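1. What follows is a predicted protein model with its sequence.
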Amino acid sequence: MADTASDFLLQRLTQWGVKRVYGYPGDGINGIMGAFERAQDKLEFIQTRHEEMAAFMACAHAKYTGEVGVCVATSGPGAIHLLNGLYDAKGDRQPVVAIVGQAARSAIGGHYQQEVDLTSLFKDVASEYVYMASSPVQIRHLVDRAMRIAKSQRAVTCIIVPKDVQDLPAVPNPPHLHNTIHSGVDFCFPRVLPADADLRRAADVLNAGERVAMLIGFGAQNAVDETIEVAERLGAGVAKALLGKFVLPDDLPFVTGQIGLLGTRPSADMMNECDTLLMVGTTFPYAEFLPKEGKARGVQIDIDPRMLGIRYPTEVNLVGDAGETLRVLLPLLERKTERAWRSKIESGIGDWWKLMADRALESADPLNPERVFYELSPRLPDNCIISGDAGTATNWFARYLKMRPGMKSSLSGSLATMGSAVPYAVAAKFAYPQRVSIAVTGDGAMQMNGLNVLITVKKYWQRWADPRLIFLVLNNRELSQVSWEMRVAGEPKFSESQDLPDFPYAEYADSIGLKGIRVSRPEDVGPAWEEALHADRPVVYEAYTDPNVATLPPHISLEEARAFMSTVLKGDPDEGGIIKQSVKQMLAGILPHKPDHDAS
């Protein structure tokens, strides 16, 4: 049969280098699904259990590979389901193209079955580009522009294809006439550098500083060597926003780790005491964890001028690629001979890791969640990929897992949505089937969507070169991150909203042909990780943990302490457990440690 508009749509995607599309079928995209069947040798269609998961996977693909992620959904409800995952991509400025069906052109405007005003629906999330094809002649330039804009602007774009247009004859070459568009396939990133005068101004600020701190994010991922050299020359410590956790290895003595509520004490101390701040490739949002305004001078580097000077009043804002900009900045920077500031940072980092070890080895009822991550960290395989979620699991992921060169990690950063870890980890496995992929999540997110994603794993895992895909689930029977946020705000835990059903996650994995491992005793944590990391199939590692182990911030303010005591006085349903575990954590860094003295 002759090629249809849907056939040409997929052909054009492959010309742009797309190898895989995540989605879920529906009669609003039957024409496109038929084209996928005919293009199986060139383009892989991955059937997810829900369109939201398709969008999450497309976003994760973009984050882990640097390529454009693509997802597809039917009209109406399918298109609506994409939105959360697409907003995840928009928030973290990732290139994703969404292709959605629509009612036939003749029915649009008639309140037809599953008809939704999709152009209006996607106008915010795909604000850079969203258009509907009213003719097969448009397919070529709609795909070209959606792909090029997604790549160049690091944005979400959307193509809407009515169901009748999908089945019309393809028009790969529009007629050479007025009112036609003749687009092409290609995009090359430009070399973006600041002006020499601005580089000089930035160098003057950094050279004048005596206590320089650096904060890096995802945008510094291609500037590893340059970041290390700048830190060495300035005698600076380097903190990492969570999306940039993988950028620098944690064994470097000047890397202070994460910043923020789930950050480290060395990062907090450095930000409180520095006199100069250099921010590279980050949009870390929380001003309270940055230097107080007026206490430090600032320089920021970002490829997107819209993101400059909005987190801290930096006096020099450099528009440029992180690696390119740092390379031309380096010759202008003077090596600081006074290293007392650096020595103080390194000493604090050493003390912090000792404190983390003490906290992890404290007992809990039945199991300390910190112990689970503490035991995993030294066992992480080379080049593994770690996906986080939104919840207490991500606190421990941020603090305990030490990244090494070659590893990757990500999560939902700006949107911070629950339910990203499991689809992210699956997308990582499709992109890198030879690497170990690990998701760290909680029971809330697992019940929200993770259990269904495991069915996708069952469908596809045997095609992967290395079958190791591990889902760590902290089963604490509670939405504990929100519980602790309520307590810090002075509100006791509301059991009706916070308590979760106790679900057998490991047994569920076994029931669908995966491997389930359940751990509730501290002495079993390490051996269970060994078993999971040497399994011959994907694993659900269920850790039956204590929800009352507090996710303490690096420093507790007087206001937070008052609010916490107010919660106890109001009568929190778990007040005995939270007091006991909080005291243990606070004393862990003070008293000599006896590991697991009440664990058994």
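-> On my side now, so go ahead. Residues are numbered from 1 along each chain as shown.
2. Domain-wise, how is this structure divided?
-> Split into domains by automatic domain parsing, the chain comes to 5-166, 196-348, 361-588.
3. How about residues contacting stretch 187-200?
-> 147-148, 151-152, 202, 303, 316, 318-321, 324-325, 328-329, 332 (C-beta atoms under 8 Å, 6 or more residues apart in numbering). (C-beta placed from N, C-alpha, C; glycine too.)
4. Tell me which entries of the residues you listed lie within strands.
-> Within the contacts of stretch 187-200, residues falling in strands by DSSP state E are 316, 318-319.
5. for Ser267, what are its contacts?
-> 239, 256-259, 289, 554.
6. Out of the residues you listed, which is nearest to Arg537?
-> Gln258 (32.2 Å; C-beta to C-beta).
7. Name the SS class of the nearest residue to that closest one once chain neighbours are set aside, please.
-> Spatial nearest neighbour of Gln258, excluding adjacent residues (C-beta to C-beta, 6 or more residues apart in numbering): Ala398 at 4.3 Å. Under the three-state scheme (DSSP: H, G, I helix; E, B strand; the rest coil), Ala398 adopts helix.
8. Next: Val72.
-> Here Val72 is recorded as strand under three-state DSSP.
9. pretty sure it contacts Ile32?
-> Yes. Val72 is within contact range of Ile32, at 6.4 Å (criterion: C-beta atoms under 8 Å).
10. For these two, list the residues in contact with both.
-> Common neighbours of Val72 and Ile32 (C-beta under 8 Å, 6+ apart) are Ile99.
11. which intervals of the stretch 101-250 of the chain have sub-threshold pLDDT?
-> Within the stretch 101-250 of the chain, no stretch has pLDDT under 70.
12. where along it do the strands fall?
-> Under the criterion DSSP state E, counting those that start in this stretch, strands of the stretch 101-250 of the chain are mapped to 129-132, 156-162, 212-216, 237-240.
13. export those to JSON lines and tack on distance to Leu168 and mean neighbour count?
-> Output for these, formatted as JSON lines (distance: least, C-beta to C-beta, whole Å; neighbours: other C-beta atoms under 10 Å):
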{"stretch": "strand 129-132", "distance to Leu168": "14", "mean neighbour count": "20"}
{"stretch": "strand 156-162", "distance to Leu168": "10", "mean neighbour count": "27"}
{"stretch": "strand 212-216", "distance to Leu168": "49", "mean neighbour count": "30"}
{"stretch": "strand 237-240", "distance to Leu168": "50", "mean neighbour count": "30"}
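14. For my notes, please list those strands in a markdown table and give distance to Ala89 for each entry.
-> Converted to a markdown table, the strands of the stretch 101-250 of the chain look like this (distance: least, C-beta to C-beta, whole Å):
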| stretch | distance to Ala89 |
| --- | --- |
| strand 129-132 | 13 |
| strand 156-162 | 5 |
| strand 212-216 | 21 |
| strand 237-240 | 21 |
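15. Val482: which of those strands is closest?
-> strand 237-240 (25.0 Å).
16. got the contact list for the helix or strand that Phe471 is a member of?
-> In this structure, Phe471 sits in strand 469-475 according to DSSP states H and E. By C-beta under 8 Å, 6+ apart, the residues outside strand 469-475 that reach it are 369, 372, 376, 391-393, 421-422, 425-426, 429, 436-443, 446, 450, 454, 457, 461, 502-503, 505, 509, 532-533, 535, 538-545.
17. Got a PyMOL select line for the buried ones in those residues?
-> Typed into PyMOL, the next command selects the buried ones out of these (criterion: 16 or more other C-beta atoms under 10 Å):
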select buried, resi 369+372+376+391+392+393+421+422+425+426+429+436+437+438+439+440+441+442+443+446+450+454+457+461+503+505+509+532+533+535+538+539+540+541+542+543+544+545
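18. what's the single longest helix in this structure?
-> Secondary structure of the chain per DSSP state H: the longest helix is helix 340-360.
19. for it, packing partners?
-> strand 237-240, strand 255-258, helix 265-273, helix 369-376, helix 392-400, helix 575-588 (3 or more C-beta pairs under 8 Å, 6 or more residues apart in numbering; DSSP states H and E).
20. Export the ones you listed as TSV, with columns for distance to Arg342.
-> Putting the helices and strands packed on helix 340-360 into TSV (distance: least, C-beta to C-beta, whole Å) gives the following:
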stretch	distance to Arg342
strand 237-240	7
strand 255-258	11
helix 265-273	10
helix 369-376	27
helix 392-400	22
helix 575-588	27
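21. most neighbours per residue, which of these?
-> strand 237-240 (a mean of 30; mean count of other C-beta atoms under 10 Å).
22. For that strand, what is the distance to the chain centroid?
-> 19 Å (C-alpha atoms, centre = their mean, to the nearest Å).
23. Helix, strand or coil: sort out Arg518 for me.
-> strand.
24. right, and it touches Tyr544 too?
-> Yes. With contact defined as C-beta under 8 Å, Arg518 and Tyr544 form a contacting pair (6.6 Å).
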